[in-house]
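Enquirer: Got a predicted structure plus its sequence, pasted below:
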Amino acid sequence: MSIYDSLNPEQLKAVQHGEGPLLILAGAGSGKTRVLTHRIAYLIEECGVNPFNILAITFTNKAAGEMRERVDNLIGFGGESVWVATFHSTCVRILRRYIDRIGYDKGFTIYDSDDQKTLVREVCKYLNIDTKTYKEKTFINVISSCKDECITPEGYEASNPANPNTIRNARVYREYQRRLKAANALDFDDLIMKTIELFDADKEVLENYRQRFKYIMVDEYQDTNTAQFKLVSKLATYTTEDGEVQHNLCVVGDDDQSIYKFRGANIKNILNFEDTYPDTKVIKLEENYRSNGNILDAANEIVKNNIARKSKALWTKKDKGEPIHYTTYYNEYEEAEGIAGEIERLSADRPYRDFAVLYRTNAQSRVLEEKLVMNSIPYKVYGGVNFYQRKEIKDVLAYLKVLLNPSDDIAIKRIINVPKRGIGLTTIDKVEAYAAEQGISFFDALLQVPFIPELKRAGDKLTSFANFIRSESAHLLSASISEVTKEILEETGYLEMLKEDEDDETLSRVDNVDELLNKIIAYEEDEGPEPRTLAGFLEEVSLVADIDSLDNNEEGDAHNHVTLMTLHSAKGLEFPVVFIPGMEDGLFPGYMSITSDDPSDIEEERRLCYVGVTRAMEKLYLSNARTRMSRGEQMYNKPSRFINEIPRYLLQTTASEKPDVYEQSKRIRSGYGDSYGKNFDTESSLFSSSSSRISSAKQSKGKSDLFSNPYIMKGMGGLKDGSNPDYGVGDKVSHIKFGVGVVKEMNPKDGDTEVVIEFEGENVGVRKLRASFAKLKKL
DNA sequence: CTCAAGAGCCTTTTT
DNA sequence: GGCTCTTGAG
C-alpha cells in the first residue's frame, strides 16, 4: 500500500506529472493541498529530485505551516529542506541576503499599513497637499496598485503625463519611495517588487535561484497579482546540464475562488496561464470531498451566473443532506438571536468548534457577539484588529525597531513622546526641518541638538532621549531581547503609564504587553535554524496575520468555540455547520459592487458567496434581516440576489417574524412613553421574551436588554445606563468581552458606580468596571 | 504642551 | 454606532 493509493485518478495524474508547466484547477474541497504535498513526495521519492530544489509558495503563514507539517509527515528525512514559505517571507529571505546589490542595507525594516499611512501623511504635508481635498487613501491605493503591477513613479507618470491627478500622485509616490529608502525600509508591496528589481539588476543572483528552485509550486494561484506572477515566472526557468530549458512550474488554483481583486489579484494570471506557457498540462479536480450534495448544488448554481470563468462543475459522492436553511428575520438583533438559538440547540449533539458564522463585514460581528454572550456560547472572533497592530504593541515594537535601525523615522517619531516627555509637535518639527536641511535622519539630527539654535529648553529632553536609545542599543549586544525590552518598559515608565490610564473597556493593555514579552521569550527559547536575533523576531512579527493563529483541529476545551470571521478570512477552511447572516443586497453583495459600472465587481462578490457556501460540510444557514442599523442609519435591504440564484427546491425557507410583534411593541412603548418608540430596534429585545427557545431565567432580563440598546438610551434623554443598574452584589452578569461573572462589590464613585466582578474566564479574573461604560447584563 | 470634545470616516485585507 | 484625527481652549 503506497501513499498514492488514496488519490483519485485526476489527483494521481497531477501528482505524477513530471517536468513542464502544470495548471491544476482545483475546485473547493477537492483536496488540492493533498495533491501538492503528495506531488512533492512523489518528486523526491519516485523521481529522485533533491528536496533542496523544491519551492512551495503559499499566501498565508497558516497555509505554509500546514503544508510544512504535511510534507514533513509524508516524507520524513529530507523533507525539511523543501522551501515552504509565503510569497513575502520568501522575498524577505532573498532580500536579506542580496538587497545590498540594489543599494539598500541588509538590515532593512518592514513597514506595515499603519506605517505606510503615517508616511503618506508626512509626504502630503511636505508637498503641501491638502489631505481634505485629496485623500491619503487614494495615494496609498495608487502606490499599492502601481507596485502590484511593478510600475515605478516614472512609469506611472508617463502613463498619462497630461493629467494633473497623475502628476500629483506620481509626486507623492516618488517622495514616498525616497523616504522609504532614506529610512532603509520596505513596505509589503516592496518586498515583492524589490526582489524582482534585484533579479533584473543582478543576473548572477537570479541564475543562482533559478538553478536552486528547479521545481516550483504555487498555491491559491488565482490570488496572485502581476508582480507575484512576474516573480514566479522569472524564477521558473531551469536549465538542465544538457542546456535544455524547463519551466517546472505547477500552479494550483480555482478561478471561482478569486476574491482579492480589490487587493490587486489579477485573475488573468490563471485564466491566461496556458497562453503564457503553451505546453501547459491542465488537470481539473472536480470531485468535492467536503460538502453535502445540496450545498454543492447551491454553490454551483450561484457561481454559474458568472461569465468570466473556466467551466467546471463540482460533484460529490455524498448524500444530498438536508436542504439549505434560509430565514428572513426582522432585524439584525433577531437574526443574531436566531443564530445563537440554533447553535444552542444543535450544540447538544456536537462541539462548538463545529460552528462558524461568516459575515461580509467585520462590523456585523458586534451584534452576534452580544447574543452569543447572552446565551453563554463560547466563541472567538478572528480578524479585525491584529494583535501586532494594537497601539501598545506597536509602541513597544517601535522602541525595538529604533534600536536596530535608527534611521526608521516613523518608528522614532512614534515613541519620542510616548510616554510623555514634554517633547511636542513644534519641537519635532524643528528637528525635522534641521534633518531635512542637513540631509540626515531624524535620529542623527537628535544627536546634533546642541547645534540647532531654535531649540532651547526642549534640547535637554531630546538629548537624553537620544542617549537612552543609544545606551539600550548598546545593551542589546550583551543582553537578551526580552531583558532589553523589560528594561525599556521600566526605564521609560511605559508600563507605569499603561497601568495608570487603564481603561475598563479595553482588555488590559498591560496584559497585551505581557503577552508580547511572552512571545519574545518564546522566540528566544525556540531554537530555529536561524540564530535568534532582534531582527529575526521583528521580521517574524511583521509578517504574521491574526488569522494565522486559527486552529480548529485541536481537541480540548480551550479550542472548543464557535468561529466568527469574515467570508474573506474563511477561504481554505471548512466547518460542519456554517451560518451566513446578512444576505442582503447592499450588504452582500455590497453597495459598492451594485452601483459600480464594472460588472466584474458583482462577479467578485458572487465568488465570495461561492467561497462562503462551500465552507459548509453538513448544514448551511443563510439569513437576511429586513432592516438593520448600519453606520448609524436604518437600512431596509432586499434579500440578496444570490438567494434568488439558488433553486427553490434546495431551500427550506422560514420567516421568523411573529404576528404579535407589533402588538407587543405597542404595549411596551406605552409603558415608557413615546420618545423612543419610533425606532424598530425597540422591538428586538422583545422577540427574545416571546421566543420559546429562551429559558425563563433569561426572560427576566428585559430591562437590562433595553439598557444595552444604545438607540433607546438616547431616547430616554439623559438617563445614564448604569447610574441605576438592575443588578446587585451576588448577581450573575455577562460582559461582552470578559464573559460571565459574579458581582462582588458595588461602590458609588463620581456619580457612577464601580462594579467589582469576578469573572469565570481563566485569563480574566477579578475586574473593576464602571457601570456606565461596561454594558453589563444581568443573567 | 496637553487634554477633551467635535468632525469626519467608513467594504472586504492573505502580507 | 464607533473609531481616529483635528482643533481649540487651558
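Expert: Ah, there it is. Residues are numbered from 1 along each chain as shown, chains lettered A, B, ... in the order given.

Enquirer: Any stretches of the stretch 551-700 of chain A with poor pLDDT?
Expert: Within the stretch 551-700 of chain A, the stretches falling below the threshold (pLDDT under 70) are A:551-558, A:657-700.

Enquirer: quick one, phi psi at the residue of it found nearest DNA strand C?
Expert: Closest contact between the stretch 551-700 of chain A and DNA strand C, by Cβ to the nearest atom of the strand, is at A:Gly632 (2.3 Å). C-beta coordinates here come from the backbone N, C-alpha and C atoms, glycine included. Phi and psi for A:Gly632, reported as degrees, to the nearest 10, are phi 70, psi 10.

Enquirer: how many neighbours does it have?
Expert: A:Gly632 has 7 neighbouring residues, counting by other Cβ atoms under 10 Å.

Enquirer: Next up, the contacts around it.
Expert: By Cβ atoms under 8 Å, 6 or more residues apart in numbering, the contact set of A:Gly632 is empty.

Enquirer: ditto for A:Asn417
Expert: A:423-424, A:428.

Enquirer: and of those, the nearest to DNA strand C?
Expert: A:Gly424 (9.9 Å).

Enquirer: Distance of the residue of the stretch 551-700 of chain A closest to DNA strand C relative to DNA strand B?
Expert: Here A:Gly632 is placed at a distance of 6 Å from DNA strand B (Cβ to the nearest atom of the strand, to the nearest Å).

Enquirer: A:Leu25 now?
Expert: Taking Cβ to the nearest atom of the strand, one finds A:Leu25 at 18 Å from DNA strand B.

Enquirer: Past the lowest-mean-pLDDT helix or strand in chain A, which element shows up next along the chain?
Expert: Using mean pLDDT, DSSP states H and E, helix A:710-715 stands out as the lowest-scoring helix or strand of chain A, at a mean of 24. Next helix or strand after helix A:710-715 toward the C-terminus (DSSP states H and E): strand A:732-735.

Enquirer: strand partners of that next one, parallel vs antiparallel please.
Expert: strand A:739-749 (antiparallel), strand A:777-778 (antiparallel) (DSSP bridges).

Enquirer: which of these sits most buried?
Expert: strand A:777-778 (a mean of 20; mean count of other Cβ atoms under 10 Å).

Enquirer: is DNA strand C contacted by that strand?
Expert: No - if you take Cβ under 7 Å from any atom of the strand as the test, strand A:777-778 misses DNA strand C, and the best it gets is 14.2 Å.

Enquirer: how far does the lengthiest strand in chain A sit from the chain's center?
Expert: For chain A, the longest strand by residue count, based on DSSP state E, is strand A:616-630. Distance of strand A:616-630 from the chain centroid (Cα atoms, centre = their mean, to the nearest Å) equals 22 Å.

Enquirer: after that strand comes which helix or strand?
Expert: Immediately after strand A:616-630, counting by DSSP H and E, sits strand A:633-636.

Enquirer: Okay, buried residues for stretch A:579-594 please.
Expert: A:579-590, A:593 (16 or more other Cβ atoms under 10 Å).

Enquirer: Now go through these and say which are in strands.
Expert: In strands, defined here by DSSP E, the members of the buried residues of stretch A:579-594 are A:579-580.

Enquirer: which one's the longest helix in chain A?
Expert: Longest helix in chain A, counting residues (DSSP state H): helix A:458-478.

Enquirer: Show me what stretch A:289-300 is in contact with.
Expert: In contact with stretch A:289-300 (Cβ under 8 Å, 6+ apart) are residues A:28-31, A:288, A:313-316, A:318-324, A:574, A:610, A:613-614, A:616-618, A:620, A:646-647, A:650.

Enquirer: Just checking: what are the partner strands of the helix or strand containing A:Ala56?
Expert: Following DSSP H and E, one finds A:Ala56 within strand A:54-58. Using DSSP bridges, the strands paired with strand A:54-58 are strand A:83-86 (parallel), strand A:215-218 (parallel).

Enquirer: Distance from the chain centre to the next helix or strand after that strand, please.
Expert: As assigned by DSSP H and E, the chain's next helix or strand after strand A:54-58 is helix A:61-75. A distance of 21 Å separates the centroid of the chain from that of helix A:61-75, by Cα atoms, centre = their mean.

Enquirer: Remind me which helix or strand A:Tyr326 belongs to.
Expert: Secondary structure assignment for A:Tyr326, by DSSP H and E: strand A:324-331.

Enquirer: Next to DNA strand C, which bits of the stretch 501-650 of chain A? Give me the list.
Expert: Of all the residues in the stretch 501-650 of chain A, those lying near DNA strand C are A:629, A:631-632, going by Cβ under 7 Å from any atom of the strand.

Enquirer: okay if I get these as a markdown table plus distance to A:Lys261?
Expert: Compiled in a markdown table, those are given as follows (distance: Cβ to Cβ, whole Å):
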| residue | distance to A:Lys261 |
| --- | --- |
| A:Met629 | 29 |
| A:Arg631 | 24 |
| A:Gly632 | 29 |
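
Enquirer: Nothing else from me, thank you.
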